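Undergrad: Sequence below, structure please.
(one chain, ligands or ions: 1)
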Amino acid sequence: MTTHHETTRLAATPPLGWNSWNAFSCEVTESDIRAAADALVDTGLREAGYEYIVVDDCWMAAETDSEGRLQPSAEFPNGMAALADYVHDRGLKFGLYTSAGTETCQGYPASLGREQLHAEQFAEWGVDYLKYDNCGDHRGRDAIDRYTAMGEALESVDRKIVYSICEWGQNRPWEWGRNVGGHCWRATDDLVAKWRADPDEFGLGVADVLDRMAAIDAAAHGPGGWNDPDMLQIGTGPNSGQSEHEPVDVQRPLTKAERRTHLAFWCLLAAPLMIGADLTSLSTFDRELLTNERLLAIDQDPLGIQGTPDQRGDDAEVWSKRLADGGAAVAFHNRGDAGREISTHVSAVDMAAGADRYRVCDCWTGTEWETGGSLAMTVEPRDTAIVRVTPK
Ligand code: GAL
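TA: Numbering: from 1, shown residues only. Next up is the predicted model:
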């Protein structure tokens, strides 16, 4: 379909920003959102490229108005247009959440059957990004039908709104998300701040999501439409910050090695990077990780390729993706219990090999060296080394 989304190249690279859900869950308030917008600027995250401030579930009042319009809850006393202005005044973009059912996941009024009315409200308020969840009664309508209805409503309004489909990967949204006007579509269940989740507990860990992403079709993934492996759990979970608003179902925070792996792979996958942490209590480690410009350049590479595994199956994994400059990003991931060397060759990764010499840059340290083609990195357990390889 031809849309104004495509002609203006909305989400030409994966959207970067912050989302309220992991830090504030259903307790979110207007002042939390203002503080997040201020913190995005103060921490240097805006400067690094993060631009969306998205209010997730629970911003709406329990009742719509008599026409079926969504109304902000008492926790948002100045209303959504004023909050959007506050965010815009800081050079940022503003996002909201609703669901493609009768209710949101937390039981608030949602948008099924009222897509046009709500899209018009969002446009009036100055919304730039809509996360559209999959909770509530679907009234017998299938996912493509429900997500098409909101896609068409968003296209009809006089505002460019990034359309973030959150259907949890249940109906293979990577096959239809782009066609219904989506700019990204969640490919998995919710990610929580764990390495692995038990099958009987809520959510998926980082390693669980990576296993799924390795198998997900990336044919539609690229400029304007992205497979979404969910928010970044860097700085979320108990003890990761001083927030008193930790959601009840988030367990221990990831270790530093796991956090490096998390960011390295989300960038290699060219995933939307939506920070889940409370930005007002971000640790120095997490801030430096999230603002690593070498990693962000891999995420934001204009080709928009989703990295894929070249070597998996034992504890040493190599994944790679081509970059616009003719080089590649190569990730070396250790799933074992002991540190080890992991090696590959430029001819075995996703790039047009054929040069005599290559420049290699370690994306964590910035250290550079040259190679004729061999690549080898020492990697600690659950950690990931990631390099950028460029033909000379
Ligand atoms: C889930 C969604 C989460 C969050 C939550 C809010 O369905 O996957 O990302 O939005 O609902 O209730």
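
Undergrad: Quick one, grab the pLDDT at L254.
TA: Looking at L254, its pLDDT is 90.

Undergrad: Please apply the same query to D325.
TA: 96.

Undergrad: now it, what's its secondary structure?
TA: Following DSSP: H, G, I helix; E, B strand; the rest coil, the label given to D325 is coil.

Undergrad: and the closest residue to it other than its chain neighbours, how many residues sit next to it?
TA: Nearest non-adjacent residue to D325, counting by Cβ to Cβ, 6 or more residues apart in numbering: T390, 6.1 Å away. Any C-beta I mention is one placed from the backbone N, CA and C, and that applies to glycine too. T390: 18 surrounding residues under other Cβ atoms under 10 Å.

Undergrad: element containing T390, please.
TA: Under the criterion of DSSP states H and E, T390 resides in strand 384-391.

Undergrad: ok, so what distance separates R114 from the ligand?
TA: Using Cβ to the nearest ligand atom, to the nearest Å, R114 is found at 19 Å from the ligand.

Undergrad: for I216, same thing?
TA: 16 Å.

Undergrad: With G169 instead?
TA: 10 Å.

Undergrad: what's around the nearest residue to that residue once chain neighbours are set aside, how many residues?
TA: Excluding its sequence neighbours, the residue lying closest to G169 (Cβ to Cβ, 6+ apart) is A187, at 4.4 Å. As a burial measure, A187 scores 27 neighbours (other Cβ under 10 Å).

Undergrad: Can you tell me how far C26 is from the ligand?
TA: C26 is 7 Å from the ligand, by Cβ to the nearest ligand atom.

Undergrad: Leaving out sequence neighbours, find the closest residue to the residue in the stretch 101-250 of the chain that the ligand sits nearest to.
TA: In the stretch 101-250 of the chain, the residue found nearest to the ligand is C105; the distance is 3.2 Å by Cβ to the nearest ligand atom. Nearest in space to C105, with sequence neighbours left out and distances taken as Cβ to Cβ, 6+ apart, is C135 at 3.9 Å.

Undergrad: wait, doesn't the residue nearest to D325 sit right on G327?
TA: Yes: T390 is within contact range of G327, at 3.8 Å (criterion: Cβ atoms under 8 Å).

Undergrad: who touches both of these two?
TA: Y358 (Cβ atoms under 8 Å, 6 or more residues apart in numbering).

Undergrad: name the element the residue nearest to W176 when sequence neighbours are not counted belongs to?
TA: Once flanking residues are discounted, W176 sits nearest to I144: 5.3 Å by Cβ to Cβ, 6+ apart. Element membership of I144, judged by DSSP H and E, is helix 143-156.

Undergrad: and that helix, what other elements does it pack with?
TA: helix 115-125, strand 129-133, strand 162-165 (3 or more Cβ pairs under 8 Å, 6 or more residues apart in numbering; DSSP states H and E).
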